[in-house]
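A.B. asks: my questions are about this predicted structure, shown below with the sequence.
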Amino acid sequence: MPSVEQLLAAIDGYKEEMIGALGELLRIPAIGPENGGDGEFERARYLKELAERCGFEEVEMFDALDERVHLRLRPNIVARRRGSSEQTAWIVTHMDTVPPGDLDAWTYPPFSPRVVDGKLYGLGSEDNGQAIIASLYAAKALNELSLSGEKTMGLAIVADEERGSEKGIKFLIREGVFRSGDTIYVPDYGVPDGSVVEVAEKSIMWLKVTVEGKQTHASTPEKGINAMKVGSKFMTFLLDHLTEKYGKVDNIFIPPISTFEPTKRHQTVGNINTVPGEDVFYIDIRLLPEYEPEEVMKTIKKIAKLFEDRTGANIELSTEQMTKAGPPSGVETDGMTALTKAIKTVCGIDPVARGIGGGTCANLFRLAGFEAYAWQTVEENAHSVNEFSKVENLISDAKVFAILMGSLCYGNDIDGL
Ligand SMILES: [Zn+2]
């Protein structure tokens, strides 16, 4: 019977190969059309081959049509090692990246990866290349044991994560790739010591407020309606009211409350002696999942009406983004237990389950009714200039995934799981 030690030693043995594979994939750009790129086709071709080399006999492509890119398709790779049951434990990673931004700002060219001081530099190295390679080589270590388990082991390497997942995760969910009862791991969120498993998110609402008053000379303010004055009073009243009304505390979240933050504001008039007739500002709202964004919007509209009646200004409200949070994933499930055990074995720590402000694709799975867990070990430099993946994290995350998938799919056949 193979042992956990053997499994971990196998991954140590893959180290150079893993660094090479991550470097190879980073050389091939995979940027979506909204970001000015030509899609993921070439990178997917490389990764499909790599999945086969990692011992998967069943590697399927799910191509979403997209007129805007090369060959009009956005590729999604689904690799499975079938068990006797259809129930699947999935690791879902994404192959697309954001654009590099200002090339001159990169010390290490974004598409020419290299290892310096134990860090592999390159665009997409940490987001999400590290997890793609870690999950593939974890699966390789298990595939090489040729065990036949009950649960199916699945890897999905998807397109279009950076701009909404319409041609990636949402497409695969619509295609019925994931089945009720499957457990989903999304290594696209993490902290440097690997101690946090993300199990819940807040709903995100980006509110745009446009206050229309009446412009006039600042020496005769009574002849106009100062939109900035109305806007400022409305803003502070609104923020206080919302903070109090939606003030529940849930300690699984960091921070443990709903947040209401004014952020962007347009410039009003260009000179000091004019009363501005328009004021436009934005509020970033993150709601605990128990609150309905629609209900909060109703409250905001009521208060806006009050200010309109009082001041004579016109207040227009619109949402720039409204993403509802799915229900938090269970913390006493087999899926969470297996992940906790795997992290403890490899990293020597007991991870904590946490909710965050929002924005990972784990939420898409929660909205679709799945238990989804976001975890990896990162230096938190996704979307930064000189993005890198720490080689140490690449290897130790692969070990965590190997133990995780090993215990879920082949728990009875590996000594020590
Ligand atoms: Zn990502």
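C.D. replies: That came through fine.

A.B. asks: CA only for contacts and neighbour counts going forward, please
C.D. replies: Noted.

A.B. asks: what's the burial count for the closest residue to residue 318 other than its chain neighbours?
C.D. replies: With sequence-adjacent residues excluded and distances taken as Cα to Cα, 6 or more residues apart in numbering, residue 318 is closest to residue 208, at 5.2 Å. Residue 208: 20 surrounding residues under other Cα atoms under 10 Å.

A.B. asks: what are the buried residues along stretch 111-123?
C.D. replies: Within stretch 111-123, the residues that qualify as buried are 111, 113-115, 119-123, counting by 16 or more other Cα atoms under 10 Å.

A.B. asks: brain fart, stretch 379-387
C.D. replies: Neighbour counts using 16+ other Cα under 10 Å place 379-380, 382-387 of stretch 379-387 among the buried residues.

A.B. asks: now the most centrally placed residue in the chain. Its backbone dihedrals?
C.D. replies: Note on the chain: the residue nearest the mean C-alpha position is residue 360, at 2.4 Å, using Cα atoms, centre = their mean. Here the main-chain torsion angles of residue 360 (degrees, to the nearest 10) amount to phi -100, psi 160.

A.B. asks: which of the buried residues of stretch 111-123 fall in strands?
C.D. replies: 114-115, 119-121 (DSSP state E).

A.B. asks: ok, residue 42 to residue 159 distance?
C.D. replies: 12 Å (Cα to Cα, to the nearest Å).

A.B. asks: ok, those two, which is more surrounded?
C.D. replies: residue 159 (32 against 15).

A.B. asks: for stretch 345-360, measure first residue to last.
C.D. replies: OK, stretch 345-360 end separation, Cα to Cα: 26 Å.

A.B. asks: now tabulate the buried residues of stretch 111-123 in TSV and tack on pLDDT and distance to residue 63.
C.D. replies: Below are those laid out as TSV (pLDDT from 0 to 100; distance: Cα to Cα, whole Å):
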residue	pLDDT	distance to residue 63
111	96	25
113	97	28
114	96	31
115	97	33
119	98	33
120	98	30
121	98	29
122	97	26
123	97	24
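
A.B. asks: circling back: identify the bridge partners of the residue nearest to residue 318.
C.D. replies: Beta-bridge partners for residue 208, by DSSP bridges, are residue 282, residue 318.

A.B. asks: and for residue 416, the neighbour number?
C.D. replies: By the other Cα under 10 Å criterion, the neighbourhood of residue 416 contains 12 residues.

A.B. asks: I should have written residue 303 there, sorry.
C.D. replies: Counted with other Cα under 10 Å, residue 303 comes out at 15.

A.B. asks: show me what contacts it?
C.D. replies: Neighbour list for residue 303: residue 238 [criterion: Cα atoms under 8 Å, 6 or more residues apart in numbering].

A.B. asks: list the buried ones in the helix or strand where it lies?
C.D. replies: With elements taken from DSSP states H and E, the one containing residue 303 is helix 293-311. By neighbour count on 16+ other Cα under 10 Å, the buried set for helix 293-311 is 293, 296, 300, 304, 307-308.

A.B. asks: how about JSON lines for those residues, with distance to residue 34 added?
C.D. replies: Shown next, in JSON lines, are these (distance: Cα to Cα, whole Å):
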{"residue": "293", "distance to residue 34": "27"}
{"residue": "296", "distance to residue 34": "31"}
{"residue": "300", "distance to residue 34": "32"}
{"residue": "304", "distance to residue 34": "34"}
{"residue": "307", "distance to residue 34": "38"}
{"residue": "308", "distance to residue 34": "38"}
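
A.B. asks: which members of those residues are the farthest-apart pair?
C.D. replies: Largest separation among those by Cα to Cα: 293 and 308, giving 22.4 Å.

A.B. asks: I figured residue 346 was touching residue 400, is that so?
C.D. replies: Yes: look at residue 346 against residue 400 with Cα atoms under 8 Å: they come within range, at 6.1 Å.

A.B. asks: contacts made by stretch 101-109 with the rest, please.
C.D. replies: Contact partners of stretch 101-109, identified using Cα under 8 Å, 6+ apart, comprise 110, 114, 121-122, 385-386.

A.B. asks: check these and tell me the two furthest apart.
C.D. replies: For the contacts of stretch 101-109, and using Cα to Cα, no pair is farther apart than 114 and 385, which are 14.4 Å apart.

A.B. asks: number of nearby residues for residue 60?
C.D. replies: 13.

A.B. asks: re the thing from before, which one of the ones in strands among the buried residues of stretch 111-123 is nearest residue 72?
C.D. replies: Once Cα to Cα is applied, the member of these that ends up nearest residue 72 is residue 121, at 30.2 Å.

A.B. asks: wait, what's in contact with the residue lying closest to that closest one once chain neighbours are set aside?
C.D. replies: Excluding its sequence neighbours, the residue lying closest to residue 121 (Cα to Cα, 6+ apart) is residue 388, at 4.1 Å. Residue 388 makes contacts with 119-126, 381, as judged by Cα under 8 Å, 6+ apart.

A.B. asks: no more questions from me, cheers.
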